[in-house]
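Trainee: With the sequence up front, the predicted model follows.
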Amino acid sequence: MTVAEAITEESRPKLADFVRVEFDKARERWILQAPERVLVLDETGKEILDRATGAVTVSEIAARLAEEYDAPADVIQHDVLTVLRLLAEKNFLEIVDDQP
Amino acid sequence: MTSLEAPTKQTTSAGQRPPVAMLAELTHRCPLQCPYCSNPTALSRRSDELSTGEWVDIFRQAAALGVLQIHLSGGEPTARTDLPELIAAARENGLYTNLITAGVLLTPEKIQTYKESGLDHLQLSIQDNEAANADRIANYKNGHTKKLAVAAWVREAGLPLTVNAVVHRQNLDHLEAIIDLAAGLGAHRLEIAHVQYYGWALRNRAALMPTADQVARANAAAATASETYRGRMVIDYVVPDYYARRPKRCMDGWGNQFFAITPRGLVLPCHAAETITGMTFSSLRDHTLDWIWRQDPAFQRFRGTDWMPEPCQSCEFRDRDLGGCRCQAFAITGDAAATDPVCALSPNHDLLVAMAEDSAASGAPNYQHRR
């Protein structure tokens, strides 16, 4: 099973070590840098990736964002999973297991 | 090269957009002699190469201009003993730093040093999956075996690995095995690049051009493998354009997102641009990078879409392919402003197809190694 297929609400997503989230000063926007790829992040994308540290679950990320944006939790959770699966398909994401 | 996946607005009058990525050809020196080498047929001498200090200043200028990613290449960039300093300088300027190497000069210690200097990613070339054929193509004994060891060292150092395989008539039937080899080496990404016929490769076209049948099988194999390895290894497939009907969006447009710097400091809109004889390119020894990107006539020549002739100018695909490849137009028609002959709408398309078929059918086994 690939990482993208394995992500659930209880997964703890973590950006791969070689991926960098940076502010692009020349164009005044947030970006994700990876080998041969630059992804432009919108505000939500940036918020999700800031929390993809391997410490919190997808549900917790979604709950926090739902509170912050005063939006329905199920909708946000769906969005979060979509973004993370997209990144996992590109090999930019790891899942940290509960068991060390 | 670096692709931008973005909700960005692409304008056709792309005059003042900052560049996204740059290729730094640190040297033309290389122990390998691949017959499709993308370096020019007239190679720069070591004594003409930019110094460490000149490169460091260029990296600073590039970052200030808006460059996000740098590809350190050659020739063989690890032939430069100052490579750790150059990697560190690129990283200090915030550039996402990629090393493009043939690997044969590497040791575990060198790879560790590059990592500690700030290297983000390493791209390793292979010539085939079979050692004997790979070493014959590169004209370098035991090179393939060494590359397999290098891939393992890269992964042990914790660096992400891209494997790059250039394919042509003399290895294309091994494509499935090449893909499996890259996956076995732990590659995060595999770049399968059909030979592009400029410079050395154009000279060796009769020995390298695949047949249409080979290409059809390879296209299918690459598509199947992309599914098989989904989520484990990303496969980027550069199509063989002599057999295509629509031109590639070459360099994401001339002077639009990318530039290359030669070992002696010329700035090019594409690493093959020097094949367009009659065009002159500016040197960083005479001008700033900012001036060259914004003002150099060579960069403005094919920027945007105003330069296009018919049938391109009124074509519905104009903004999608940005006119295809200028080097190819020049190589086939002698006119760099002509419609890319890959396009089925080009008056020279049938000529290109005939060239491909003749080259492939010639069965010429021998090529001239780069030297």
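Mentor: Yep, it's here.
Trainee: What segments of chain A are strands?
Mentor: For chain A, the strands defined by DSSP state E occupy A:12-15, A:20-24, A:29-34, A:37-41, A:93-96.
Trainee: so how many other residues sit close to residue 33?
Mentor: Using chain A here. Residues near residue A:33, counting by other C-beta atoms under 10 Å in any protein chain shown, number 23. (C-beta placed from N, C-alpha, C; glycine too.)
Trainee: Not quite, go with chain B.
Mentor: A count of neighbours around residue B:33, defined by other C-beta under 10 Å, yields 15.
Trainee: Could you find the closest non-adjacent residue to the residue of chain A positioned farthest from its centre?
Mentor: Ranked by distance from the centre of chain A (C-alpha atoms, centre = their mean), the top residue is residue A:26, with 24.0 Å. The spatially closest residue to residue A:26, leaving aside those adjacent along the chain, is residue B:66, at 3.2 Å (C-beta to C-beta, 6 or more residues apart in numbering or on different chains).
Trainee: quick revisit: relative to residue B:46, which of the strands of chain A is closest?
Mentor: Nearest to residue B:46, of all the strands of chain A, is strand A:29-34, at 32.4 Å by C-beta to C-beta.
Trainee: Please see if the closest one touches chain B.
Mentor: Yes: using C-beta under 8 Å from any C-beta of the partner chain, strand A:29-34 reaches chain B at A:31, A:33, A:34.
Trainee: Just name the closest of those to chain B, please.
Mentor: Taking C-beta to the nearest C-beta as the measure, residue A:33 is the one of those closest to chain B, at 4.2 Å.
Trainee: Now for whatever residue of the stretch 101-250 of chain B ends up closest to chain A, how many residues are close by?
Mentor: Taking C-beta to the nearest C-beta, chain A has its nearest neighbour within the stretch 101-250 of chain B at residue B:231, 2.8 Å off. The number of residues packed near residue B:231 is 17, by other C-beta under 10 Å.
Trainee: doesn't residue A:88 make contact with it?
Mentor: Yes: contact between residue B:231 and residue A:88 holds when scored by C-beta atoms under 8 Å: they sit 6.5 Å apart.
Trainee: Spit out the residues that contact these two alike.
Mentor: Jointly contacting residue B:231 and residue A:88 under the rule C-beta atoms under 8 Å, 6 or more residues apart in numbering or on different chains are A:2, A:3, A:4.
Trainee: how close does the last one get to chain B?
Mentor: Going back to what we said before, that points to residue A:4. 5 Å (C-beta to the nearest C-beta, to the nearest Å).
Trainee: Can you get me a residue count around that residue?
Mentor: Quick note: residue A:4 (other C-beta under 10 Å) scores 19 neighbours.
Trainee: Next: the second one.
Mentor: Using other C-beta under 10 Å, the number of residues around residue A:3 comes to 21.
Trainee: Just say helix, strand or coil for the closest residue to residue B:95 other than its chain neighbours.
Mentor: Nearest non-adjacent residue to residue B:95, counting by C-beta to C-beta, 6+ apart: residue B:70, 4.3 Å away. Secondary structure state of residue B:70, per DSSP: H, G, I helix; E, B strand; the rest coil, is strand.
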